[in-house]
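# What would the 3D arrangement of this be:
(one chain, ligands or ions: 1)
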Amino acid sequence: MTYLDYNATTPVDPAVLDAMLPYFREHFGNAASRTHVYGWQAADAVAQARDQVARLLGVSEKEIVFTSGATESVNLALKGASEARRSASGHIITVETEHKAVLDTCDHLARLGADVTYITPHADGLIDPAQVEAALRPDTLLISVMVANNETGVIQPIDAIAQLAQDRGILFHTDATQAVGKLPLNLSDGLIDMLSLSGHKLYGPKGVGALITRKHVKLTAQQDGGRHERGRRSGTLNVPGIVGLGKAAELCHQQLMTETIRLCALRDRLEQGILSHVRGTVVNGNTTHRLPNTTNISFANVDGEHLLDSLSELAASNGSACTSATTEPSYVLKAMGLSDELAYASVRFSLGRFTTDDEIDRAVQHVTDTVARLRVEFAG
Ligand SMILES: *Cc1c(COP(=O)(O)O)cnc(C)c1O
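Numbers count the residues shown, from 1 in each chain. Prediction:
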């Protein structure tokens with residue numbers, strides 16, 4: 001079985017696990033305990049992790065709020081900022097192809113009285129800053145646009161959008177869950193007000209993440225309690241998880257350039273291999289503004305519902321939301337104008353740190369053989 005689903009989750013890097021283990025065993029203290037060495041050690045470890053995350057993103061340690069993952073970070077950013085502006089009824093701008101963490105949070109705010117504009121991307125998945133500009137209103141309080149899409153890898157022009165927001169005093173949040181550790185991101189220019197990230201997408205553990213929130217941003221906490229994280233997110237810190245996130249951030253920082261080159265080459269080899277061996281294939285999304293590790297490919301003339309099942313040697317995905325009864329075609333691909341049929345017959349391949357040349361060559365062969373077989377069945 002070859003794992004090509006790194007955008008769904010990554011394995012924990014062995015060095016990350018090694019860094020975490022002492023904080024389950026001998027250094028099990030509560031980082032908020034001020035009266036003994038157990039607490040001090042835990043607090044020191046959290047401080048180091050904060051420094052590691054801060055360095056990766058060019059922010060100050062005080063601007064990091066540790067959370068349980070990107071979903072919580074997004075909720076805190078969007079709900080917390082709306083609530084702090086005391087206007088549940090403001091206007092919010094986002095994009096149809098955002099992750100459900102953003103879309104469902106915006107739906108929640110809409111039920112509380114906010115007005116939400118959902119921008120439709122172009123066929124290549126990109127939005128134009130001019131579309132954001134056209135959607136602006138005097139009461140716009142928040143814009144949320146992801147850096148890179150989880151299904152297609154398409155990278156949005158967030159600097160230009162953040163600049164539009166800043167010029168008008170509108171808060172800008174970005175879901176950078178798929179970009180952190182894969183793209184060089186530096187927030188020191190001050191354009192991005194809030195950024196969400198997750199440990200398990202960058203070789204850290206699941207259930208830990210962070211919200212970066214710049215000094216000037218006023219947020220109302222969404223979880224009250226012992227006033228941890230400067231009152232922005234109460235609850236005893238997940239020390240081993242945070243240590244793991246910090247180590248993961250450090251490793252990504254060190255490997256970013258070499259991994260970008262390696263993964264681009266591997267991804268292109270997979271993509272070119274499939275496109276040249278299998279007729280009726282197209283890549284979904286802009287291929288210039290794209291993550292190094294992701295390719296999303298549609299296969300014409302196959303029964304999409306059976307495609308992934310039939311690719312039995314590959315762990316990949318089609319980004320569709322599965323409920324117990326029905327499988328929906330990807331709303332991301334549909335927003336880009338794909339038919340239900342093609343959206344079903346699309347596969348996201350996402351590569352990562354442990355992907356090898358050999359695995360890619362085997363994957364190309366397996367996809368080629370499987371699609372050929374399915375087409376014979378489909379035609380018959
Ligand atoms: C995985 C993912 C999330 C959710 O992150 P969790 O830490 O699992 O809550 C949000 N946004 C994007 C783009 C993602 O890929």
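
# list the buried ones in the longest helix along the chain?
Longest helix in the chain, counting residues (DSSP state H): helix 239-277. Neighbour counts using 16 or more other Cβ atoms under 10 Å place 239-253, 256, 259-260, 262-263, 266-267, 269-271, 273-274 of helix 239-277 among the buried residues. Where you see a C-beta, it was placed from the backbone N, CA and C, and this is true even at glycine.

# same check, this time on stretch 122-141
Applying 16+ other Cβ under 10 Å to stretch 122-141 flags Asp124, Gly125, Leu126, Ile127, Pro129, Gln131, Val132, Ala135, Leu136, Thr140, Leu141 as buried.

# Show me the shaky parts of the chain.
Where the chain drops to pLDDT under 70, the residues are 87-88, 320-326, 380.

# how about the residues of it that lie near the ligand?
Among all residues of the chain, those adjacent to the ligand (criterion: Cβ under 6 Å from any ligand atom) are 69-71, 99, 101, 146, 150, 175, 177-178, 198, 201, 209.

# Tell me which of those fall in strands.
Asp175, Ser198, Gly209 (DSSP state E).

# Quickly note the distance from Val16 to Val367.
Val16 sits 31 Å away from Val367, going by Cβ to Cβ, to the nearest Å.

# Next, count neighbours for the residue of the chain found nearest the ligand.
Going by Cβ to the nearest ligand atom, the ligand is nearest to Gly69 of the chain, at 2.7 Å. The tally of other residues near Gly69 (other Cβ atoms under 10 Å) stands at 23.

# can you tell me which residues contact it?
For Gly69, the contacting residues are Ser198, Gly199, His200, Lys206, Gly207, Val208, Gly209, by Cβ atoms under 8 Å, 6 or more residues apart in numbering.

# cutoff 10 Å now
101, 177, 196-201, 205-210, 241, 245 (Cβ atoms under 10 Å, 6 or more residues apart in numbering).

# do Ala249 as well
Counting by Cβ under 10 Å, 6+ apart, Ala249 touches 16, 49-57, 180-181, 197, 199, 202-204, 210.

# In strands, which of these fall?
Leu197, Ala210.

# all helices of this structure, in order?
Here the chain has its helices, by DSSP H, at 14-20, 37-57, 70-84, 100-111, 129-135, 158-167, 239-277, 304-310, 331-335, 340-344, 357-379.

# now those in JSON lines, with distance to Ser350?
Shown next, in JSON lines, are those (distance: least, Cβ to Cβ, whole Å):
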{"stretch": "helix 14-20", "distance to Ser350": "19"}
{"stretch": "helix 37-57", "distance to Ser350": "20"}
{"stretch": "helix 70-84", "distance to Ser350": "16"}
{"stretch": "helix 100-111", "distance to Ser350": "18"}
{"stretch": "helix 129-135", "distance to Ser350": "27"}
{"stretch": "helix 158-167", "distance to Ser350": "20"}
{"stretch": "helix 239-277", "distance to Ser350": "9"}
{"stretch": "helix 304-310", "distance to Ser350": "14"}
{"stretch": "helix 331-335", "distance to Ser350": "14"}
{"stretch": "helix 340-344", "distance to Ser350": "17"}
{"stretch": "helix 357-379", "distance to Ser350": "12"}
